[in-house]
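Chemist: okay, sequence plus prediction incoming.
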Amino acid sequence: MADAPFDALVESARIDGLLVAGEPELALAAARSLVVTSPGAAEGWAALGEAAGRFRGRELDAASAFARAIRLGDRRWSTRIGLARSVRRLEGELDADSEIGVVVSRVAEEPAFRPLVEADRAIASGDLSTAARLLDGMLENPEAREEVLVRLFGVWQATGRVANGRRRLESLLDRHPADPVLQDAVFALRQSDANRAGLEASLRLEAAGALSGHPRRRLELLLADRPEDDAERDRLAGIRLGHRPITVSRDVDELERAIRMEDESAIDRLQSDVARLDPAALAPRQRRRLAAVAAMLPESQGRPIVDRVVGWYRATNTPVDVEVAVAAVGTRDDDSGWRLLEDLRPAAPATFLDRDWRVAGLARFDAAPGEAATLLRFGLRTPDAATESGGGLPRTAIAVAMVAGASSELVFEMLEEGTEAGLDWASIYEVGASDWEVLSAVSGDASLLDRPQLAIALLEAAAADSEADATTINNLGFALLEGDEVDRARAAILLDRAYELDAGNPSVLDSLGWCRYLQDRNDAANPEGALALVGRSLRARSAAGRPLSAEVLLHFGDASWRAGRKTDAVAAWSRITEATLRNESLARRLAAFAGFQRDVWGRVLVDPRSMHERIDGRWERAAEDRLSAIAGDRSPPVTPTWTEAEGGVQAPSE
């Protein structure tokens with residue numbers, strides 16, 4: 001056992017290499033093996049902390065490993081910073097008297113580390129000048145420099161001292177020219193300057209005479225967002241790849257480069273090499289990368305490669321990673337993509353750098369809504385789909401499917417699949433636990449997304465439940481008012497039923513009143529006629545402190561005009577236009593509709609202008625049309641009754 005410390009040190013360095021190479025799963029397995037083989041080696045526990053710290057849900061394991069390393073004598077800054085980072089992610093779940101808590105307290109009191117703790121407290125309290133002073137004093141410590149700079153950048157930006165900070169770092173770099181942390185920091189600050197051309201010129205000059213590849217890599221990154229510089233960026237990428245050993249990863253990266261540059265001869269050569277790779281012989285991340293790059297090949301040429309990777313997941317019963325699912329769906333049409341994945345299981349994102357299913361699906365929405373819908377549907381089965389880390393995946397999946405044209409049958413299937421996967425739809429839509437309540441809520445999203453027939457189909461299923469409430473029945477009845485003669489007859493029956501269940505509900509009163517209007521039951525003296533019912537709806541809303549919607553006011557105005565109460569009609573329509581003038585500008589209202597979509601579905605799925613038009617705009621415009629007609633000494637164009645609409649007869653008021 002005399003050589004165990006040396007072996008542990010070498011093995012921990014190998015684990016660091018696996019992390020740098022982007023293979024965290026292999027690094028974690030190696031680190032676990034190392035601490036079993038050499039439990040007294042501090043380097044092994046630190047390596048385990050670094051590896052575990054890359055994974056979601058392993059914050060406690062990482063903190064425990066870092067704490068053990070420190071107790072065994074590890075004094076490196078990287079270990080102490082790793083402990084602090086892991087504890088921060090635990091978000092107060094740590095007992096101060098625990099083994100980890102004791103080590104954290106001890107580290108926080110160390111003279112070398114204490115200034116960083118005090119700087120964090122100063123930042124949290126808003127004392128940025130004190131934070132800047134404490135952090136600046138730590139810049140001379142090369143071990144602490146990276147962690148200090150992360151904080152200093154924020155302080156400099158908040159205090160408007162970026163230029164001063166850059167000069168400070170440049171003076172440090174003059175004394176430590178080979179420090180890659182300082183080089184990267186100065187590069188980052190110079191990127192924020194307006195003199196981009198000057199930065200490019202200096203990087204080109206530096207790259208020409210440097211032995212290190214860092215200047216070329218920085219120049220390559222700087223040119224990444226400029227299509228006109230693709231040729232130079234490709235040349236730099238070629239130099240970078242040429243310095244790497246010949247490996248599977250290099251072949252795949254070179255193929256991606258050839259695809260990006262549309263180099264057909266290189267694509268043909270590299271594609272044949274990559275096509276011979278055995279997915280079973282690859283490391284986990286290599287396998288995922290192979291599928292992702294193969295899917296980029298033009299005209300789905302990479303489909304056989306992707307199929308072989310997917311076949312490995314099926315043969316080994318391994319949950320499918322999101323990149324592989326994206327590749328599988330991207331090389332097929334929507335239906336065959338779903339059939340390929342249907343009998344497989346999706347993997348939850350493992351590390352903090354892995355993309356969530358929601359993010360991956362939404363990223364495909366603009367280019368291919370059907371692909372996005374398929375990916376999100378598959379992602380419903382992930383173990384964390386309904387958790388906070390799932391990021392609202394279930395509701396987004398249903399919404400994207402709707403926008404992509406999903407039938408009611410498909411939506412029902414997705415709800416059933418989610419239930420089988422353990423999703424609590426009632427919690428997701430924040431409604432009661434009954435199926436009809438969930439269906440009613442889902443129909444609300446369909447309506448917002450301009451899928452009226454889908455909304456009706458969902459409401460039909462909800463209202464069929466004997467326990468369905470008056471609001472659900474009312475919503476179905478109101479939606480059917482715009483249908484054919486059969487739908488209208490059903491609407492009248494449903495709205496009467498909703499009224500029987502809850503005669504004081506403002507929405508029910510308005511819907512039934514509008515139905516009576518369309519039936520031409522517009523006698524002002526009739527207590528069950530249109531004007532009386534819509535008027536009761538307005539009074540009930542006011543009594544409850546609810547805002548009076550433009551739609552209900554328009555209903556009241558039209559009903560009043562039909563009943564001969566023209567002054568009341570003009571007052572109602574004027575109230576709509578006055579409210580429009582009082583409201584925020586159209587741009588801000590559209591921004592609010594866009595913000596709502598991002599909050600609920602993760603991104604804007606439908607044009608905010610169409611949403612505004614359906615919810616507010618058409619009623620506001622209708623009120624303006626009526627008032628304009630009156631101002632021009634013409635009869636206002638009130639809504640025709642069903643009889644007038646069916647017979648092509650002009651409304652008496654027109």
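Modeler: Noted; the coordinates are in hand.

Chemist: now the helices for the stretch 1-150 of the chain?
Modeler: Using DSSP state H, counting those that start in this stretch, the helices of the stretch 1-150 of the chain run over 4-20, 24-37, 42-52, 59-71, 77-90, 99-108, 114-125, 128-136, 145-159.

Chemist: so which of those helices is the most packed in?
Modeler: Using mean count of other CB atoms under 10 Å, the stretch among those with the largest mean neighbour count is helix 42-52, at a mean of 27. C-beta here means a position set from N, CA and C on the backbone, and glycine is covered the same way.

Chemist: coming back round to it: Pro319: which of the helices of the stretch 1-150 of the chain is closest?
Modeler: Of all those, it is helix 24-37 that lies closest to Pro319, at 12.5 Å by CB to CB.

Chemist: find the nearest non-adjacent residue to Val600, please.
Modeler: Arg395 (6.7 Å; CB to CB, 6 or more residues apart in numbering).

Chemist: then Ala292?
Modeler: Setting aside the residues directly before and after it, Ala292 is nearest to Glu323 in space (CB to CB, 6+ apart), at 4.7 Å.

Chemist: just the pLDDT for that neighbour.
Modeler: Glu323 is assigned a predicted lDDT (pLDDT) of 96.

Chemist: so what does the helix or strand in which it is found touch, helix or strand wise?
Modeler: Taking DSSP states H and E as the definition, one finds Glu323 inside helix 322-330. In this structure, helix 322-330 makes packing contacts with helix 284-294, helix 303-316, helix 334-341, helix 357-363, helix 369-379, judged by 3 or more CB pairs under 8 Å, 6 or more residues apart in numbering; DSSP states H and E.

Chemist: quick one: residues contacting the residue nearest to Ala292.
Modeler: Remark: with contacts taken as CB atoms under 8 Å, 6 or more residues apart in numbering, Glu323 is in contact with 288-289, 291-292, 355, 360.

Chemist: identify the farthest-apart pair in those.
Modeler: Between any two of these, the greatest separation by CB to CB is 14.9 Å, found for Arg289 and Ala360.

Chemist: okay, buried residues for stretch 282-289 please.
Modeler: The neighbour-count check on stretch 282-289 (16 or more other CB atoms under 10 Å) flags 282-283, 285-289 as buried.

Chemist: in JSON lines: these, plus distance to Ser447 and pLDDT.
Modeler: Formatted as JSON lines, those follow (distance: CB to CB, whole Å; pLDDT from 0 to 100):
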{"residue": "Leu282", "distance to Ser447": "47", "pLDDT": "95"}
{"residue": "Ala283", "distance to Ser447": "48", "pLDDT": "94"}
{"residue": "Arg285", "distance to Ser447": "43", "pLDDT": "94"}
{"residue": "Gln286", "distance to Ser447": "46", "pLDDT": "95"}
{"residue": "Arg287", "distance to Ser447": "43", "pLDDT": "96"}
{"residue": "Arg288", "distance to Ser447": "39", "pLDDT": "96"}
{"residue": "Arg289", "distance to Ser447": "42", "pLDDT": "96"}
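
Chemist: and Glu578, how many residues sit next to it?
Modeler: The burial count assigned to Glu578 is 11, neighbours taken as other CB atoms under 10 Å.

Chemist: for it, give me its contacts.
Modeler: With contacts defined as CB under 8 Å, 6+ apart, Glu578 has no neighbours.

Chemist: angles on the backbone of it, please.
Modeler: Glu578 has phi and psi values of phi -70, psi -40 when expressed as degrees, to the nearest 10.

Chemist: now swap in Arg235 and tell me
Modeler: Reported as degrees, to the nearest 10, the phi and psi values for Arg235 are phi -60, psi -40.

Chemist: so which residue of the protein lies furthest out from the middle?
Modeler: Residue distances from the centre of the chain (CA atoms, centre = their mean) peak at Ala525, which lies 54.5 Å from the mean C-alpha position.
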